[in-house]
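A.B. asks: sequence unknown, structure follows:
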C-alpha cells in the first residue's frame, strides 16, 4: 500500500513522474477550452472539465485537519471532485486532539488515539489526507513527525500529507510544477531560497519540502538565511543525496545578495529553528531580510518570485514585489490542484 | 465579468428579471411533482429535481464565511447542488482574518491579504461567495464595505455576496419573491418596515437590502423607526432613485401605528446606527417597539408578516405573531434557495 | 411521517428489519468485489459501489451538529453519498445555540428557536439529522430530551438522531449488527455491558441505546456497574418490555466478574448518573473497573470486545485489550455506515 507523506515516498523518479502527470492533467482541462467557468456560462458548462478522466469515481477522500487550512482544503477537495470522487473535510482539531503515543495513559486532553481514529476512518474512506503540524518546531519533533507517522502505521488505506511537522510534500510538488512551467524544466534551475522575517516562529515543513523536491528534480539550489536559522541536518543530508542522484546542487550561505545573484527563481519563506527564537520585528538585523522588488532589480532582474502563501505583506516581503511582474505566487498556489490530482491517482494506482 | 454584491449590480430591470427566473425555477421543481423528498421515497427520487436545468454542471462555488451562518450556508450550497454544481463552504473566519487595506504592514492578527486569498481561490472555483460583516455598524464602515469590495477588485471570477457590511442582496431578492407570491406582484405593494428591539446593536445590511430591493421592484414602502435610528442617507438616496425609476414610493416616520395602517406586508427588523446605541431591553421606550399580533389585529388584519431570521421571540416580535397565520417567515427563508439559483445563473451567463 | 430518534420509533420488528437491510447493503458493496478502494485503482473504480442502489438520488440530508463529531459526521455523510444523495454538515453549535423552550423570552445566548430552524431547514433538505446532547446528564434532562423532541415537533421532514440526551439509536443498531456478524444472530446473545472509569461524567445515551437495541433484538443482557451508577429507571422499564416481546433477558449487578462469566460479547462504556458524580481517577474503587485482557482470560476467553469509541486507552480500557484479538471496535464503528443507510431508506420509504 502506498502512502505520500514525505518526498522520500516518491523518490526522484516519482517526483518527475508526478510532475509530468500533473502537467498532463492541467493540459487536459485547458484543452477542454475552458481555463475557468468564466467563459462558459450556464449550459455550456457540460463540456467543461469532462476532458479530465474521472479516475476517482466512486472513491472517497477523508480530509482530517488537526490544524486549520484554507488553500489546502479548497485545492484538495476540488482535486478529488474534478476527478469524479467525493471528499469530506473534518476539522478534527476543532473536535478533539488525537494521541499518537503508543504507551499513553489517556487521562488528559486527548480523548482519542490515532490507532482508533485511523482504523475507523479507513473503513469510511478510500484515502485519508491529514494535516498535523508539530506544536512547536524543535528539531526532534520535526524529525519524529509523530502524528502523520502514526496515521501511516494505523490506517488501512493510503495516507497523504496536507502538511506535517517535517514536510508539506504537495506544496513542494506544486513549487516544482511552477518552476517547470516558468523555465521549461527543473533540471539545473537556479533556485534561491531566502529566509524571510515574521512575527512568529514558523515550522520548517515548507522550506524542507521545497529543498527536497527541488533536489529530487535536479535543481541548482542556493539557501540563504541568517546565522543560527539552519535547516535540520537530516533534511540537508537527505536533500544532498537526492541532488547527487539527480545531478542537482545545494549550497548554503548567510549572504543573501550573493545568493540572489543570477537566480532564476527566488523563493521566500520564514522559519525558525525553535519556538524560542527571536521574533523578527524586534530585531533590526532580521527585519532587514524582508525581500523587496529592489533586490530583484539589483541582483536578478529576470527572476520569478515564489511564496507558498499566506504571506504577510510588508513583513516577509514588500507589497511592491508581490504586486510586480516577478510574482508568480497565484500560479504557484493554483498548481496545488494539479499535483494533488496526480498524487491521488498515484496513491490508488 | 459580473459581480452581485449590491442591488445596484442588478438595477431595477435586473431585479425584475431575477425574480421572474427564481419563480420559474421554483415552478420547475414543483412541476416535477415533488415539493420535497417526502412523497418520493427511495428509488422514485430519480425524477425529483431533474426538471431543474443543470446549468451549473462542472462548475464550482467557493463559499467564504468570514462570519458564521446557518441559513445562508445551507441555501447557497443546496442552490448550487440543485443546479448540478459543486459548492465548498470554508469558515475563513475560523481560520484567519483577511486584510483588505492595500497599504497594510501585516504585522498583526490578519495573516493573509484579500489580494492573495481572492486571487488563489479564483483559480480553484468558478464563483466566489463571501460573507463579510463590518465589525461594528458605523455609517462609514457600512458605506465603505471594504472586504466585499476588495474581493470584487482582486477576484478573477464573479463574486456574490452572502451579506456584507452594507447589503444582503440575496435576502432582499428572497423578500421580494415572497411579496410577489403573496400579492401576485411587487408593483405598488404596501410594505411597512418596522424597527424592532434587540439585545445587540445590529448592522443595517438587511433593512438596506429590503429597502433597495422593494424600491427597485416598485413597492410603496413605509419605514417606521424610533428617532435616531435612521438608515444611512446614501442608502435612502439610492432607494429614492430606484423608486422614481420603478414608480415606487418611500416614506419614513417614527409613528409605528400610522405606518402599519393598511399595510399588506409588515417586515420587522432590528438595527442600530452604531454599536454605541442604547440596548433595547434597557430602554422601555425602545422595548415598546416589540411587534405583536395585536398590532396586526388593530391596524392591518390582512397583512402578512416577514422577518429575515433568526428572530428572538418575545424580544423583537411576540411568539403570538410568529405562530399566527400572518407569519410567512418560513416561506420567505425557503425562497433564498430560488433567488440564489437565479443569481448564480445570472453571474455566469 | 417517520422519525428515528429513539429505538421506540422502530420497535422490535423495525430493529430486526433494519439490521437485515444493513447486512444486505453491506453484502451488496462486498459483492461489487471491493471492500475498499485499495484494490481498485484509478479507472476501475467505476464499478465500485455501483452495486449499491442509489435510493437517495436527488435527495438531501442536512446534518446539524449542536455538539461536535468525527465518526458520526463521516459515517452519515458517506452513508448518504453512497446511496446517491447529498449531505451537508453544519456545525450549528459553533454558530449559535438553539432555544427549544416554547415560552422563552429569547434575551440571552440563544438567538434562534428550533421552531424557525427546523421549519426553514425542512425546506432546504429532505431529511434532517441532529446531534444534541444535554448539557449535563441529569435524569430529568435525559428523559425530556428537549432539543431532539423540538426538532420532531417543528420539522416538516423526517428527523434522525445523531445522538441526543437520551439515546444514540444508530450506535445501538451498529452494535447489534456487529453482534449479528460475530455470533450469526442476536437472539439469545450473551452481552455484558460493563461500566468503565473516565475523567469526566459522561451521558447515558450510548448505554441506553445498547440496552434498548439489544433488548429489542432478543439478547440476554447483563449490566454491571458500581453502586449508584444506575441507568435511568424509565429506560430499564422500556428495555424490559422490549425484552419480554423479543424473548430476551436483562439483569443488573455490581459484581463485574460474575457478569463477565460466560459472556459472548463484552461492551465497556463509562457513564455517570449526574455531572456531580465522583471523577473516576480520583477514586481507587472506581479506577479498579478499568477493563483489561486479563479479565477476558479469566472469565470469558472466547468473548468479543465492543466499545462505541472514542476510548481513553489505559483509563477506560487497557491497551492490551484494545490491541488483542478480542477487540472488534473498528468493525463496530464501520457498521455505523450500513445501519445509517438502512435508517435513511426506512425514513423515506
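C.D. replies: Okay, I see it. Keep in mind it's a predicted model, so treat the numbers as computed, not measured.

A.B. asks: Residue of the stretch 151-300 of chain A nearest chain C, please.
C.D. replies: residue A:157 (6.1 Å; Cβ to the nearest Cβ). (Glycine included, C-beta is placed from N, CA and C.)

A.B. asks: And the pLDDT for that residue?
C.D. replies: Looking at residue A:157, its pLDDT reads 98.

A.B. asks: Doesn't it belong to a strand?
C.D. replies: No. In this structure, residue A:157 is coil, not part of a strand, as judged by DSSP: H, G, I helix; E, B strand; the rest coil.

A.B. asks: hang on, it packs against residue A:119?
C.D. replies: No. Residue A:157 lies out of contact with residue A:119 (Cβ atoms under 8 Å); the separation is 10.3 Å.

A.B. asks: Surely residue A:194 forms part of a strand?
C.D. replies: Yes. Assessed with three-state DSSP, residue A:194 lies in a strand.

A.B. asks: Which pLDDT value belongs to it?
C.D. replies: 98.

A.B. asks: could you measure it against residue A:216, distance?
C.D. replies: 21 Å (Cβ to Cβ, to the nearest Å).

A.B. asks: Those two: which has the busier surroundings?
C.D. replies: residue A:216 (30 against 21; other Cβ atoms under 10 Å in any protein chain shown).

A.B. asks: follow-up on the earlier one: of residue A:157 and residue A:119, who's got more company?
C.D. replies: residue A:157 (23 against 19).

A.B. asks: Grab the nearest non-local neighbour of the more buried one.
C.D. replies: Spatial nearest neighbour of residue A:157, excluding adjacent residues (Cβ to Cβ, 6 or more residues apart in numbering or on different chains): residue A:122 at 4.6 Å.

A.B. asks: I'd assumed that neighbour was in a helix, is it?
C.D. replies: Yes. Under three-state DSSP, residue A:122 sits within a helix.

A.B. asks: For the one residue in chain A that gets nearest to chain C, give me phi and psi.
C.D. replies: Closest contact between chain A and chain C, by Cβ to the nearest Cβ, is at residue A:126 (2.7 Å). Per-residue torsions, residue A:126: phi -90, psi -20 (degrees, to the nearest 10).

A.B. asks: List the contacts of residue A:171.
C.D. replies: A:163, A:206, A:209-210, A:308, A:336 (Cβ atoms under 8 Å, 6 or more residues apart in numbering or on different chains).

A.B. asks: And those, which is closest to residue B:327?
C.D. replies: Checking these against residue B:327 with Cβ to Cβ, the nearest one is residue A:336 at 47.4 Å.

A.B. asks: Validate this expectation: that closest one resides in a helix.
C.D. replies: Yes. Residue A:336: assigned to a helix according to three-state DSSP.

A.B. asks: which residue ranges form the strands in chain A?
C.D. replies: A:60-65, A:86-90, A:98-99, A:112-113, A:127-132, A:159-164, A:190-195, A:220-224, A:249-253, A:265-269, A:304-306 (DSSP state E).

A.B. asks: Let's have those strands in CSV, adding distance to chain B.
C.D. replies: Shown next, in CSV, are the strands of chain A (distance: least, Cβ to the nearest Cβ, whole Å):
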stretch, distance to chain B
strand A:60-65, 9
strand A:86-90, 8
strand A:98-99, 19
strand A:112-113, 21
strand A:127-132, 12
strand A:159-164, 14
strand A:190-195, 17
strand A:220-224, 22
strand A:249-253, 27
strand A:265-269, 13
strand A:304-306, 13
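
A.B. asks: Look up the pLDDT of residue A:233 for me, please.
C.D. replies: Predicted confidence (pLDDT) for residue A:233: 95.

A.B. asks: for the one 5 residues further on, same thing?
C.D. replies: The model reports residue A:238 with a pLDDT of 98.

A.B. asks: Run a quick neighbour tally on it.
C.D. replies: 19.

A.B. asks: can you list the residues of the stretch 101-250 of chain A near chain B?
C.D. replies: residue A:199 (Cβ under 8 Å from any Cβ of the partner chain).

A.B. asks: Return the residues in contact with the one residue in the stretch 101-250 of chain A that gets nearest to chain B.
C.D. replies: Proximity of the stretch 101-250 of chain A to chain B (Cβ to the nearest Cβ) peaks at residue A:199, 5.5 Å away. Residue A:199 sits next to A:279-281, A:312, A:315, B:107 when contact means Cβ under 8 Å, 6+ apart.

A.B. asks: Repeat the analysis, applying 10 Å as the threshold.
C.D. replies: A:270, A:279-282, A:312, A:315-316, B:106-109, B:111 (Cβ atoms under 10 Å, 6 or more residues apart in numbering or on different chains).

A.B. asks: For ChimeraX, what selects the buried ones among those?
C.D. replies: Here is the ChimeraX command that selects the buried residues among the contacts of residue A:199 (16 or more other Cβ atoms under 10 Å in any protein chain shown):
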select /A:270,280,312,315,316 /B:106,111
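
A.B. asks: Turn the contacts of residue A:199 into CSV, columns for distance to chain C and pLDDT.
C.D. replies: Shown next, in CSV, are the contacts of residue A:199 (distance: Cβ to the nearest Cβ, whole Å; pLDDT from 0 to 100):
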residue, distance to chain C, pLDDT
A:270, 30, 96
A:279, 31, 77
A:280, 33, 78
A:281, 32, 77
A:282, 35, 82
A:312, 27, 97
A:315, 30, 96
A:316, 31, 97
B:106, 26, 95
B:107, 29, 92
B:108, 24, 90
B:109, 20, 89
B:111, 21, 92
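
A.B. asks: In chain A, what helix or strand scores lowest on average pLDDT?
C.D. replies: Within chain A, no helix or strand scores below helix A:92-95, which has a mean of 69 by mean pLDDT, DSSP states H and E.

A.B. asks: Identify the residue spatially nearest to residue A:289, adjacent ones excluded.
C.D. replies: residue A:197 (5.2 Å).

A.B. asks: Settle this for me: that neighbour is touching residue A:315, isn't it.
C.D. replies: Yes. Here residue A:197 reaches residue A:315: they are 6.4 Å apart, a contact under Cβ atoms under 10 Å.

A.B. asks: Find the residues that touch each one of those two.
C.D. replies: A:270, A:280-281, A:287, A:290, B:107.

A.B. asks: what sits against the residue of the stretch 151-300 of chain A closest to chain C?
C.D. replies: A:1, A:3, A:60-62, A:118, A:121-128, A:347-348, C:36-38.

A.B. asks: go on, residue A:254?
C.D. replies: A:195, A:223-230.

A.B. asks: That one and residue A:227: what is the separation?
C.D. replies: In terms of Cβ to Cβ, residue A:254 sits 5 Å off from residue A:227.

A.B. asks: number of nearby residues for residue A:86?
C.D. replies: 22.

A.B. asks: Name whatever forms a beta bridge with it.
C.D. replies: residue A:60 (DSSP bridges).

A.B. asks: Distance of it relative to residue A:4?
C.D. replies: 19 Å.

A.B. asks: Cross-check the contact I'm expecting between residue A:78 and residue B:90.
C.D. replies: No. Under the criterion of Cβ under 10 Å, residue A:78 is not in contact with residue B:90, lying 11.5 Å apart.

A.B. asks: shared neighbours, those two?
C.D. replies: With Cβ under 10 Å, 6+ apart as the test, residue A:78 and residue B:90 both reach residue B:62.
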